[in-house]
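>>> I need the structure of the sequence given here:
(one chain, ligands or ions: 1)
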Amino acid sequence: MIDLQKKQQLLNNMRILTNYIIEFEPFTSCLDCANWNEKRERCTKFDMVPPPKIIVKKCEDFEPDIPF
Ligand code: SF4
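Residues are numbered from 1 along each chain as shown. Prediction:
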């Protein structure tokens, strides 16, 4: 037999968790940037290999790479 009160409590907790996760900023790096050249492994905007800290966190000129 399903305990409806527990089921409702579980659904409420799932809703709270889902809303919490939705608010996370997606993790992006230079590898997700439209200016990143995978073959040359460098930024085409600045024509250089960014420092590791920038590659991991991206820079202010990050442009999302549209995957289609
Ligand atoms: S995030 Fe900045 S440094 Fe990294 S690839 Fe894009 S433009 Fe270049």
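
>>> Buried residues, the lengthiest helix in the chain. List them.
Secondary structure assigned by DSSP state H gives helix 4-22 as the longest helix of the chain. Counting neighbours by 16 or more other C-beta atoms under 10 Å, one finds that helix 4-22 has no buried residues. Where C-beta positions appear, they are placed from N, C-alpha and C, glycine not excepted.

>>> Residue numbers of the chain in contact with the ligand?
30, 33, 35-36, 43, 45-46, 50, 54, 58-59, 61-62 (C-beta under 6 Å from any ligand atom).

>>> so what's Asn35 up against?
Asn35 is in contact with 43-46, 61, 63, counting by C-beta atoms under 8 Å, 6 or more residues apart in numbering.

>>> just curious, which of those is nearest to Ile21?
Distances from Ile21 to these, taken as C-beta to C-beta, are shortest for Glu63 (25.2 Å).

>>> neighbours around the closest one, how many?
Around Glu63 there are 12 other residues, counting by other C-beta atoms under 10 Å.

>>> For Leu31, see how far away it is.
13 Å (C-beta to C-beta, to the nearest Å).

>>> How about Leu10?
Leu10 is 37 Å from Leu31, by C-beta to C-beta.
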